[in-house]
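>>> Sequence first, predicted model second:
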Amino acid sequence: MRSKRITTALTALALVVPAVAWAQEGEASMVPEDVLFVVNNLWILMAAALVFIMHLGFAMIESGLERSKNTINILFKNVCIVAIGLLTYAAFGFNLMYPGEFNGIFGFAGFGLSPGAEGQTAAYADGAYTYYSDF
């Protein structure tokens, strides 16, 4: 019963807030493009945070299925997987995902992160999100 009330309240809030926010376009309210930019970035970063929280669940289930003497090794393994994966993705994976010039074999934009001049602004990805949110 309580979850039904919460769902109804959130649905009503989701229907009312955009109408209130965009009701007066001429004043100092955010225009829809700005709101979309913020919502896109927020959604991407929340999804990334949920993936990292998911790794905590993997660590808990693995340590719960092993003997207690192996818990430290399991937790260390889970931290190393995330750290090595993130460093490898930053060094190679992101540039393979968005390749630059095609050299005949495969496209590769170089090593590491290089956002350029427009990386942290709304000019990246046609104003949908920033370079680091995309990363």
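Yep, it's here. Residues are numbered from 1 along each chain as shown.
>>> Now the longest helix along the chain: buried residues?
Criterion DSSP state H: the longest helix present in the chain is helix 32-65. Residues of helix 32-65 classed as buried: 37, 40-41, 44, 59, 62-63 (neighbour count, 16 or more other CB atoms under 10 Å). (C-beta placed from N, C-alpha, C; glycine too.)
>>> how about Phe135, what does it touch?
90, 94, 113 (CB atoms under 8 Å, 6 or more residues apart in numbering).
>>> measure it to Lys69 for me?
38 Å (CB to CB, to the nearest Å).
>>> Assign a three-state SS to Ser114, would you?
Three-state assignment for Ser114 (DSSP: H, G, I helix; E, B strand; the rest coil): coil.
>>> Just give the number of residues close to it.
For Ser114, the neighbour count with other CB atoms under 10 Å is 11.
>>> Tell me the predicted confidence for it.
With respect to pLDDT, Ser114 scores 70.
>>> Please apply the same query to Cys80.
On the pLDDT scale, Cys80 is placed at 93.
>>> okay, now it: neighbour count?
10.
>>> Turn the contacts of Phe135 into TSV, including distance to His55.
Shown next, in TSV, are the contacts of Phe135 (distance: CB to CB, whole Å):
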residue	distance to His55
Ala90	17
Phe94	19
Leu113	22
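>>> From the residues you listed, pick the one nearest Val79.
Proximity of the contacts of Phe135 to Val79 was ranked by CB to CB; the top entry is Ala90 with 16.7 Å.
>>> Which of the three states applies to that closest one?
helix.
>>> Skip the chain neighbours and tell me the closest residue to it.
Excluding the flanking residues, the one nearest Ala90 by CB to CB, 6 or more residues apart in numbering is Leu113, at 5.9 Å.
>>> show me what contacts that neighbour?
Leu113 makes contacts with 90, 94, 131, 135, as judged by CB under 8 Å, 6+ apart.
>>> Can you say which of the residues you listed are buried?
Listed as buried from these are 94, 131, 135; burial here means 16+ other CB under 10 Å.
>>> Check which residues of the strand or helix carrying Lys77 are buried.
Lys77 belongs to helix 71-88 when elements are defined using DSSP states H and E. Residues of helix 71-88 classed as buried by neighbour count (16+ other CB under 10 Å): 74, 78.
>>> Good, wrapping up.
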